[in-house]
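*Asks:* No letters, just coordinates:
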């Protein structure tokens, strides 16, 4: 009568060391990933871009990186030395705002229209040299990719005077 065992065959020492080393590497990568998340590396980060032309300085504060469902800050500040003589005309890239669920946009524009690629806004002139547009938004929960954006201050003929370009990356 022969005896059969259900125990696996003993593995070679090199195979055991290799398996142990792979487990250690995997555990180290997991620890690094968790620490990056704990310090906010994968969270929302805000960026700022500025352009100056034609007497206007346009500064955009936007989410440079974010995740779906996160609240984000979006603000455009336009400075014109000597103030604004008439309405403020601005152009925003339409596709960029598809990233967001907008709760509010302020101030309310006097008029709006779209060209498909751009949303055009006309605002009442503010008192003083500074005009600020802000939006209370969050990233669309189903959004998995980022988008490039652009905002311009337009002259009376509708031509861009100062343009700021930026990009938001979305982490899953």
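*Replies:* That came through, no problem. Quick caveat: nothing in here was measured; it's all calculated off a predicted structure.
*Asks:* so what strands line up beside the lowest-mean-pLDDT helix or strand in the chain?
*Replies:* Least confident helix or strand, the chain: strand 100-106 with a mean of 84, by mean pLDDT, DSSP states H and E. Within its sheet, strand 100-106 is paired with strand 130-139 (antiparallel), according to DSSP bridges.
*Asks:* Give me the angle between the following helix or strand past the strand it pairs with and strand 130-139.
*Replies:* Sequence order places strand 147-154 as the next helix or strand after strand 130-139, per DSSP states H and E. Relative orientation of strand 147-154 versus strand 130-139 (axes from the mean of the first three to the mean of the last three C-alpha atoms, to 10 degrees): 160 degrees.
*Asks:* Tell me where this protein is predicted with low confidence.
*Replies:* Within the chain, the stretches with pLDDT under 70 are 1-2.
*Asks:* And the helices in it, which stretches?
*Replies:* 13-38 (DSSP state H).
*Asks:* care to break it down by domain?
*Replies:* Annotated domains of the chain cover 11-41, 45-170 [automatic domain parsing].
*Asks:* These into JSON lines, with extra columns for mean neighbour count and distance to residue 3?
*Replies:* (Each C-beta comes from the backbone N, C-alpha and C, glycine too.) Converted to JSON lines, those look like this (neighbours: other C-beta atoms under 10 Å; distance: least, C-beta to C-beta, whole Å):
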{"stretch": "domain 11-41", "mean neighbour count": "10", "distance to residue 3": "21"}
{"stretch": "domain 45-170", "mean neighbour count": "16", "distance to residue 3": "58"}
